[in-house]
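Visitor: Fold the following and give me the result.
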Amino acid sequence: MSRIERWTITIILGSILPLMGLLAGWWGSYAFLSTTWVIITAAAGMAAGLAVDAFCLKKWTAKAYEIDLKILAAIYLFYSVCIFGFFMGVPVFNLALAVPAGLFIGRKAAVQRMDAASGQRVISRTRWFTTGVLVLICAASAWFALNSPSTAADLEGMLRLPFEVTLPMIWGLIAVGGVLLLAAHWLLFTKCAQVARVH
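Guide: Numbers count the residues shown, from 1 in each chain. Next up, the predicted model:
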């Protein structure tokens with residue numbers, strides 16, 4: 001495992017528990033505590049995650065390619081939801097996850113010395129899974145866009161459009177944009193997995 005590879009995996013795995021602690025502390029106390037205590041609770045949740053990392057992260061990183069696919073799927077779902085929420089429901093940013101997902105699963109196949117058929121099967125299943133997650137992300141984004149009364153105005157302002165955005169235009173953007181996004185994810189994931197598997 002190269003230094004860059006190790007650091008990348010460390011950051012990806014090491015960010016999970018602190019982020020979970022932060023989000024749990026924030027949203028778990030937001031409804032009934034003052035702003036100051038919400039911040040304190042969120043910080044405490046993050047600190048707890050970092051404390052666990054201090055004891056376990058080195059071992060997790062060393063055995064990263066031995067992690068069960070179900071756990072990897074849960075990690076992918078976690079980051080998908082985080083990115084979707086952080087960028088306020090704009091699904092295009094979730095495309096970025098195709099890169100680490102493809103690279104990791106390709107390296108997993110290489111490190112575990114899977115034969116051609118087994119490696120291709122794992123890559124194919126992972127590609128279908130990650131694409132399926134992106135389908136759900138796109139569907140959620142479409143639902144928010146179609147049910148928000150400000151979507152048309154938001155598009156007009158963001159893109160500085162000189163014309164009025166209509167509902168059929170929004171439907172067209174969702175359909176065409178969704179297909180292009182899914183195709184881009186499929187191709188990007190495939191290329192990254194192929195590159196990582198042979199290097």
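Visitor: can you give me the helices in the protein?
Guide: 3-14, 16-29, 35-62, 69-86, 98-111, 116-147, 151-159, 167-198 (DSSP state H).
Visitor: wait, which of those is closest to Val92?
Guide: Closest to Val92 of the helices of the chain is helix 167-198 (C-beta to C-beta; 6.2 Å). All C-beta atoms are positioned from the backbone trio N, CA, C, and that covers glycine.
Visitor: picking up where we left off before, can you put the helices of the chain in TSV and add mean pLDDT?
Guide: As requested, the helices of the chain are exported to TSV (pLDDT from 0 to 100):
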stretch	mean pLDDT
helix 3-14	92
helix 16-29	92
helix 35-62	93
helix 69-86	95
helix 98-111	94
helix 116-147	94
helix 151-159	75
helix 167-198	92
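Visitor: List the buried residues in stretch 85-94.
Guide: Across stretch 85-94, burial judged by 16 or more other C-beta atoms under 10 Å covers 91, 94.
Visitor: I meant stretch 48-60, not that one.
Guide: By neighbour count on 16+ other C-beta under 10 Å, the buried set for stretch 48-60 is 48-49, 53, 57, 60.
Visitor: got it, and stretch 188-199?
Guide: Those buried within stretch 188-199 under the rule 16+ other C-beta under 10 Å are 188-190, 192-193, 196-197.
Visitor: So what touches it?
Guide: Stretch 188-199 has contacts (C-beta atoms under 8 Å, 6 or more residues apart in numbering) with 95, 98-99, 101-107, 109-110, 119, 123, 126-127, 130-131.
Visitor: Only whichever of those residues are buried, select them in ChimeraX.
Guide: In ChimeraX syntax, the buried subset of the contacts of stretch 188-199 is picked out as below (16+ other C-beta under 10 Å):
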select :95,98,101,102,103,104,105,106,107,109,110,119,123,126,127,130
